[in-house]
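**Student:** Sequence below, structure please.
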Amino acid sequence: KRQVDDAPRRFAVEHAGYTEDLAFWRETAGRLGSPILDLGAASGRLSIPLARDGHEVWALDASSAMLAELEDRLAAEPPDVRGRVRAVRGRLDDFVLDRSFALVMVAMNTLQVLLDPVERDECFRRMAEHLAPRGEVVFDVALPDRGEILASLGVERDGMTHEDPSSGVLIAQSAWYESYDDETRTLSFVTRVRDLAGPEAGAERLRRHTVHLFSRGEIADLLSRAGLRAVGVFGDFRGGPLTARSERQVYRCVAAGAAA
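**Tutor:** Below you'll find the predicted structure:
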């Protein structure tokens, strides 16, 4: 049985099993304090846990449907948690908020949706403009491995299997690369999502994605043009070094003239 369903609730269900970064973001928020700007917040995977920890969170997303799902999920939270989250509709490269933030965060490779170099520049500038004097911009993106990508085009690989605690849906994921543009570092890939248990057991959904892969040099240039500088660059969420074998890049950034 095959179907396509891109509803925000399904998005939340399919991403509920990704918790690898949660401790990192909670520690980062605890160190920097509030308010927090969660860019590309979607249905609140991180905004809600951070609000539960007592932080004021502005959850920005371009999708009104995602923000509606966030509001639905907040409705199940205690009043004090609901009151700490402010849902804001806006694009990563085009937002102006009447607030500066102790933490501007972009999680889970979200910056990779910016396929246009102008959009990438604008996003980094907007992040810098909304940063409080001693605040930080913190984000993670994949570390591209060109050789691995080209060698495995079309090869389907198993991913994680997880159960969404709110719905009882058991999901198995796999993915494969479809195409890669070396000049623009644009990667297209497909994720296969199968429901193993739950109301739609046996259903299969294909998710197609196109993303930009950031090189370290490109990130350094984007930070410089935006008036930011990196004070920490890591290869995982535990603070390990960034090496050629790392799967991701994690950046802590401050205003160029700020102390580390």
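**Student:** Tell me, how many residues neighbour R31?
**Tutor:** 11 (other CB atoms under 10 Å). Every C-beta, even on glycine, is put in place using the N, C-alpha and C of the backbone.
**Student:** what does D72 give?
**Tutor:** D72 has 14 nearby residues by other CB under 10 Å.
**Student:** roughly how far apart are L74 and E56?
**Tutor:** For L74, the distance to E56 equals 14 Å [CB to CB, to the nearest Å].
**Student:** more neighbours, these two?
**Tutor:** Counting neighbours by other CB under 10 Å for L74 and for E56 shows that L74 has the greater number, 21 against 17.
**Student:** R82 is in contact with that one, correct?
**Tutor:** Yes - counting by CB atoms under 8 Å, R82 is a contact partner of L74 at 4.8 Å.
**Student:** What ranges does the stretch 1-150 of the chain have for its helices?
**Tutor:** In the stretch 1-150 of the chain, the helices defined using DSSP state H, counting those that start in this stretch lie at 8-15, 22-32, 47-52, 64-74, 79-82, 117-129, 146-151.
**Student:** closest one to P165 among these?
**Tutor:** helix 8-15 (10.0 Å; CB to CB).
**Student:** Residues in contact with the closest one: which ones?
**Tutor:** 42-43, 45, 63, 65-66, 68-69, 73, 108, 164, 166-167, 169, 171, 173, 193, 205, 207 (CB atoms under 8 Å, 6 or more residues apart in numbering).
**Student:** if you set the cut-off to 10 Å instead, what comes out?
**Tutor:** 4-5, 7, 42-45, 61, 63-70, 72-73, 108, 162-164, 166-169, 171, 173, 191, 193, 195, 198, 200, 205, 207 (CB atoms under 10 Å, 6 or more residues apart in numbering).
**Student:** Just the buried subset of those residues, written out for ChimeraX, thanks.
**Tutor:** Entered in ChimeraX, the line below selects the buried ones among the contacts of helix 8-15, by 16 or more other CB atoms under 10 Å:
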select :42,43,44,45,61,63,66,67,69,70,73,108,162,163,164,169,171,173,193,195,198,205,207
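**Student:** Please enumerate the shared neighbours of L74 and E56.
**Tutor:** With CB under 10 Å, 6+ apart as the test, L74 and E56 both reach G83, R84, V85.
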